[in-house]
Structure formats: C-alpha cells, structure tokens
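One predicted model, sequence on top.
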Amino acid sequence: MSHLGDRLSALVDGELTGAERDRASAHLAGCAQCRAEAAQLRVLKQKLRSLVEGAPAEAAMTRRLISMTGPGGPLPPRRRILRVVPGGRPEPGRGFPASTRPGTLRPRPARRRYLFLGTVSLVVGLGTAAFTAGGGGQAAPGPKITPPVELYSVQHAIITGEVPFSGPSSRAASHAFAPGYGAPPP
Amino acid sequence: MRFTLSRATSRRPRARPPWLLAVVAVTVPGCLLTACSAPSGSPQDRTPAASRPPAAAGRPAARHSSALAIGLLSAAARAAIATSYQGQELVSRWGNSGETVLTSDIWHVSGGQTVTQTVAAGRYSSGPYLSSDTDGQAPEGVLGVTMPLVRLLETHYTVAYAGPGTVVGDSNRPAQVVEAWRDDGTLAARFWLDDATRLPLEREVFDPAAHLISEDVFFNVRFGNRAPVGPPAGGAADPQGPWTDPLSPGQLLDLRAHGWLVPAGLPGGLSLFAGAQTQTGNGTALGLGYSDGLSVVSVFEQRGNLAAGLSGWQKTTVDGHVIYAAVPDQRSLTWSSRGMVYTVMADAPAQTVNAAVGALPHDSPPGFWKRLSRGFARLASWVNPFR
C-alpha cells in the first residue's frame, strides 16, 4: 500500500479537492502511519502560524527573504568598472582564450564618457597654460640694454650736422656752463 | 657783426607760426632762452608749401642753376667749418607726436671746435656738446648742410638756385635761396644762405604732401675772425669722444662679416653714408647713418635684449611692429630682435621713418605650435626642482 506522500501535506493545507481529497481521506482513515504524520504536520503548522502572528515585523522580513530566494526576474548585473578583455569580448559562458592574457582595458560607456571628458579637460587646460606661457619674445642671450639716448643723439647730430636733439632725458638735468667756453652770446 | 633774423613777409609770403615770431621778437642778446617741447597741432594744420607762392615758380631745369645751387650749398658746408660764429638755433619738428621745439646756443671756432648747448626755461638744460672737426672727416655743419649731405642731396634731388632773398631784421641781411625738388615736382627743402659768409641761416623741409615737417632757424648770429670761444678747459665734456672716426667701407663690410647688420640702404632712397662705433657699459654700439641728402636716419645697434620696464619710453606701433618710442617727442624708436637692440633716430618724414623701421629686423610672433612648444618648455622649467 502506497502512502499519501506529498499529498499528505496538500491535504493538511486543504489544497486537495473533489475525488482526490476523498481518496486521500479514505487512505488516511485506514493508515495509522499517515494519520500520525498528518497530526505532526498540523501541529507544526499551528506553531508556525502562532510565530507569524506574534512577530509581524519579523514575518514581513521573513517573507521578503523568502521571496528573494524564490524564482523571479534576472538579478541586476554586478557593477564592474572594467572588464578585462583580451583582444575582444569573450563570448558569454566562455572564459578567456587560453592563449591570451588580460591586457586591454575597455571602459564601460558611462565611465568611458567621464574618462574622455577628463582627458579633454586636462589637455585643454595644459594647452592653454602652455600657450599663455609661450607668449612674449624669446629672450636671446645677452645683456639687458637701455638705449643710451644721449650718446646716440650726439652721433646723430654729428652725421646730420645739427645740434644734438636728444629728447626729454637731456632736458631733465641742468648743468652749469662749462668753463673755458666763454660766456653765452650777449 | 651782428644781426637778428626776421621775416620779410612781402618777399616770402607764407604762414608763420605766431609763436615763432614771438620767440624771435623777444629774443635779445644774452637771454632767450626758452625751449619747450609740447604737442601743438598736427602737421596737417600747418600751411602746405604748395599753397604758397614759391620763390622760384615751377621746376627749374637750367643746368647752370643747379650747378650754381650746388656751388652755394658746398660753400655753405665749408663756411660752417671755416667761419667763426656764434648764435642761437631754433629747431622745430612736426611729427606724429605733434610739435617739438628746441633752442640751443652755438659757438664755433674757425676750422676747429663747435660747442652747442641746449637751453630751456632760461637755463642750460644739457651739458655742453663739443665736437671737433679738425680732421675734416666729421661732417660738421649748420642746419644739416654738410659736404656728405650736399653730395647726397645732389644725387637724390633736383637742386636749384631760387634767387636772392633777404633776411629782414635789424640789418636787412641779404641771403641766397636754394631749393631742392623731388622728381615728382614737389618742393622738398629750401635753404637761406648768408650772402656774405654763405653760412646757412634757415632751412625748411617739406614732406611729399607739401607739409612743413621741420624748420631750423639760426638767429642772433655774430661773425668774427677772432675765435669767439676758447678751447675746452680741464677736460670739459666731450660727448663725441667715445665715438670712433667715421668707419671706412672696408671696416663696415668687416662688421657685417662679424654679425652686425649693415644694410647698404634703407627704403626711401636712403644711402649709408656714415658709420662709427663706441663702447658702452654693455658692450660695443654701432651707429650707422642713412640719408638722401635731406632726410637722415641713424640706426644704432647693440648686442643684447631690451631691458624690461624702460623708463621714458612707451609702446607704439610702427609699420605694424610694436616697438618703443621715447616720450614725449617720439623721435627715438627702439626694439630688440634676435639678440640685437636697434635704436632709430631720424630727421625725416614719418613715412620715411616708418619704412626704415619696417625694413630692419623684427621678431615675428611665433606660430601656434612654436608658441605651444615654448610654453611647455617654460612650464617644465618652472616645475623642475633641479633647475
């Protein structure tokens, strides 16, 4: 004689209906072993119900945990910054080719965008700084010269046959009339 | 002998700046002495030569007239050396910065030395400038009339005798008038030479647009056989001293071989006619003179770089190049290029000066990549802890 097995639990839970429930009940009436198991199941079920009713918060947590373990949609992808791909992306379910080693860094799209913007900003900033710093004349070696205008104006006067016309610097100073040249014209 | 130069407007009807008449009128023996430098009007405000009745109408073509004019100018150049004289010179310039006026006292000993000293506000504002022409090589002269310049003038212009004139003053002193004309028929310059001594007493220079750009007047002149001035005593100031004698063409070529820039000419028909060297605290300086007989451009070269923060200079743009001009008259221009500092002084129309400056070397702005490369090198040097 075959016992109820899984149907015993369904019977205790009230999940059997119609002829199936009648056959299960008829067997239970004649099988002491199944009656004993059914009694244990009912006791266990009552104890579980009493626990759920006494701690609803824990029950909710339990339900959520249970629901997470049950069948559902695909898990969200694990976040990985980089995936190491040797010469290309490996096919799903297959590892890297044995003859290659990881060496190429391929950023994912969002990260790639940030990396691109950062690189561009760095290049533009450095370029601007270099362009600014590269302005002005190229200092050649040699002394720093302030043109001796007085001296030059004398030579200019010599070759032009005119009086020195040395500009403002010559007028800034006042000199006494040189001795030995006679007096200025009356 | 003494006279005061003034104007006979009936003989030479032309617009004369009122201040000039005032200055000449108040000039009395032993005092004058006002020099100023202030912008007052643009060259366009001055009366152009074309609007005046010329002393010699039309362009002279007579060969004898030209020969006579050259003879007179040559005699004037010799007289500036051989005659003893003293007087005062009023130099007026009209340039980009306006009008600049300078008054100087001049004493010259026949065949010898010349002393000039600038006066301003009744006082001497510069040390005495002593030049010696005893070797006959230094082109001493009055109002720009020297033998080298007369030869260049004859080459580049049509020089004509414009007839006798009169320097009307205390003594109605007679003068001979000589004019220089350009090939396009415009008047370039006019000289008044003392009839008795041939000493130049006045010179006017016009730009190609017939605007007066410079006027030199020698007045309160006294002539005499006896030297009116004595020799310098006690090692008096001799600013000419540092400059060498005029360099020969061979020496100039040798300088070119040693890296100095010695162009044979500059735009505007300016020819190299003078060169000299001197020693400064920063090494050797070379002075080159270019002229067409009327306009004179001096180019000075010195190895090195222009000092930062030049006092008395301001940035300006000439012929598309950013350079420095001495304030306030902007008569001196300077810049550095490729390890050489160039300084230009000129008595020439603005167009001529601009062209001359443009013909000399300038550092062109670096290209994009060159500037970028130079900037990276500088940035690297700034952050290099081992430099």
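Arrived safely, thanks for sending. Numbers count the residues shown, from 1 in each chain, chains lettered A, B, ... in the order given.

would you list every one of the helices in chain A?
Taking DSSP state H, the helices of chain A run over residues A:6-13, A:18-30, A:32-54, A:56-69, A:109-133, A:149-160, A:168-172.

Excluding sequence neighbours, find me the nearest residue to B:R182.
Nearest residue to B:R182, sequence neighbours excluded (CB to CB, 6 or more residues apart in numbering or on different chains): B:A188, at 5.1 Å. (C-beta placed from N, C-alpha, C; glycine too.)

Count residues in the vicinity of the one you found, would you?
By the criterion of other CB atoms under 10 Å in any protein chain shown, B:A188 has 27 neighbours.

any idea which helix or strand carries it?
For B:A188, the host element (DSSP states H and E) is strand B:187-194.

Next SSE downstream of that strand?
Proceeding N to C from strand B:187-194, the next assigned helix or strand is strand B:200-206, under DSSP H and E.

and the next element down the chain from that following strand?
Following strand B:200-206 in sequence order, the next helix or strand is strand B:212-223 (DSSP H and E).

For whichever helix or strand comes after that next one, which outside residues touch it?
With elements assigned by DSSP H and E, the helix or strand that comes after strand B:212-223 is helix B:249-257. By CB atoms under 8 Å, 6 or more residues apart in numbering or on different chains, the residues outside helix B:249-257 that reach it are B:247, B:262, B:272, B:275, B:286, B:288.

which residues of the chain score low on pLDDT?
Just so you know, I chose chain A. Scanning chain A for pLDDT under 70 picks out A:1-2, A:52-62, A:65-107, A:135-141, A:162-186.

Sorry, I should have been clearer: chain B.
Residues of chain B meeting the criterion pLDDT under 70: B:1-63, B:96-97, B:112-113, B:119-141, B:168-172, B:225-241, B:329, B:387.

So B:Q279 is in contact with B:W243, correct?
No. Counting by CB atoms under 8 Å, B:Q279 does not reach B:W243; the two are 9.6 Å apart.

can you tell me which residues contact B:D319?
For B:D319, the contacting residues are B:354-355, B:357-358, by CB under 8 Å, 6+ apart.

What about the nearest residue to B:F368 once chain neighbours are set aside, how many residues nearby?
Spatial nearest neighbour of B:F368, excluding adjacent residues (CB to CB, 6+ apart): A:F131 at 7.8 Å. By other CB under 10 Å, 15 other residues sit near A:F131.

So which of B:Q279 and B:W243 has more stuff around it?
Between B:Q279 and B:W243, counting by other CB under 10 Å, B:W243 is the more crowded of the two (21 against 11).

Just want the phi and psi numbers for that one.
Phi and psi for B:W243, reported as degrees, to the nearest 10, are phi -80, psi 140.

Confirm B:T352 sits in a helix?
Yes. Applying DSSP: H, G, I helix; E, B strand; the rest coil, one finds B:T352 inside a helix.

measure it to chain A for me?
Distance of B:T352 to chain A, given as CB to the nearest CB, to the nearest Å: 14 Å.

does the closest residue to that residue other than its chain neighbours sit in a helix, a strand or a coil?
For B:T352, ignoring the flanking residues on the chain, the nearest one in space by CB to CB, 6+ apart is B:G268 at 4.2 Å. Classification of B:G268 using three-state DSSP returns coil.

and if you look at B:V341?
Following three-state DSSP, we place B:V341 in the strand state.

deepest of the helices of chain A, which one?
Looking across the helices of chain A with neighbours counted as mean count of other CB atoms under 10 Å in any protein chain shown, the highest average goes to helix A:149-160: a mean of 25.

Contact partners for residue 151?
This is for chain A. Counting by CB under 8 Å, 6+ apart, A:L151 touches B:239, B:242, B:278, B:280, B:285.

not what I meant, chain B
Under the criterion of CB under 8 Å, 6+ apart, the neighbours of B:R151 are B:G293.

Format the helices of chain A as CSV; extra columns: distance to B:F218.
Shown next, in CSV, are the helices of chain A (distance: least, CB to CB, whole Å):
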stretch, distance to B:F218
helix A:6-13, 136
helix A:18-30, 143
helix A:32-54, 127
helix A:56-69, 114
helix A:109-133, 56
helix A:149-160, 15
helix A:168-172, 20
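
Run me through the strand neighbours of the host helix or strand of B:T166, direction for each.
Element membership for B:T166, per DSSP H and E: strand B:158-167. Using DSSP bridges, strand B:158-167 pairs in its sheet with strand B:173-181 (antiparallel).

What residues sit buried inside the partner strand?
Using 16 or more other CB atoms under 10 Å in any protein chain shown as the test for burial, strand B:173-181 gives B:173, B:175-181.

And stretch B:142-160, by the same measure?
Buried residues in stretch B:142-160, counted by 16+ other CB under 10 Å: B:142-154, B:156-160.

End to end on it, go ahead and measure it.
Terminal residues of stretch B:142-160 lie 20 Å apart, using CA to CA, to the nearest Å.

what about that stretch, distance to the chain center?
13 Å (CA atoms, centre = their mean, to the nearest Å).

do the same with stretch B:99-108
The gap between where stretch B:99-108 is centred and where its chain is centred comes out at 12 Å by CA atoms, centre = their mean.

The residue sitting nearest the centre point of chain B: what's its closest spatial neighbour, skipping adjacent residues?
Centroid check for chain B by CA atoms, centre = their mean gives B:D347 as the closest residue, at 4.0 Å. Distance criterion CB to CB, 6+ apart; nearest residue to B:D347, sequence neighbours excluded, is B:V296 at 4.9 Å.

Over to B:S84?
Nearest non-adjacent residue to B:S84, counting by CB to CB, 6+ apart: B:S110, 4.3 Å away.

would you list every one of the helices in chain B?
Counting by DSSP H, the helices of chain B are B:18-26, B:63-82, B:147-156, B:249-257, B:350-359, B:368-383.

Could you report the neighbour count for the residue nearest to B:A348 when sequence neighbours are not counted?
In space, and not counting its chain neighbours, B:A348 is closest to B:S295: 3.4 Å by CB to CB, 6+ apart. The number of residues packed near B:S295 is 30, by other CB under 10 Å.

residues touching the residue nearest to B:R182, list them.
With contact taken as CB under 8 Å, 6+ apart, B:A188 is in contact with B:157, B:180-182, B:205-206, B:294.

switch to 7 Å and redo it
B:157, B:180-182, B:206, B:294 (CB atoms under 7 Å, 6 or more residues apart in numbering or on different chains).

Ends of stretch B:164-175, what's the gap?
6 Å.

cool, stretch B:311-327 as well?
Note: stretch B:311-327 ends 9 Å apart using CA to CA.

Tell me the gap between it and the middle of its chain.
Going by CA atoms, centre = their mean, where stretch B:311-327 is centred and where its chain is centred differ by 19 Å.

Go through that stretch and flag the buried ones.
By neighbour count on 16+ other CB under 10 Å, the buried set for stretch B:311-327 is B:312-313, B:318-319, B:321, B:323-327.

just those now: which is nearest B:L90?
For the buried residues of stretch B:311-327, the residue nearest B:L90 by CB to CB is B:A326; the value is 21.1 Å.

That closest one - nearest residue in space that isn't next to it in sequence?
Nearest residue to B:A326, sequence neighbours excluded (CB to CB, 6+ apart): B:S332, at 4.0 Å.

got the contact list for the one you found?
Counted by CB under 7 Å, 6+ apart, B:S332 has contacts A:149, A:167, B:326, B:343, B:345.

Please name the residues that touch B:E154.
Contacts of B:E154 (CB under 7 Å, 6+ apart): B:70, B:293.

Distance check, it against B:A75.
Noted for B:E154: a distance of 14 Å to B:A75, by CB to CB, to the nearest Å.

again, but for B:F368
B:F368 is 62 Å from B:A75, by CB to CB.

more crowded one of those two?
The residue with more neighbours, out of B:F368 and B:A75, is B:A75; 18 against 10, by other CB under 10 Å.

residues touching B:P267, list them.
Contact analysis of B:P267 by CB under 7 Å, 6+ apart lists B:355-356, B:359.
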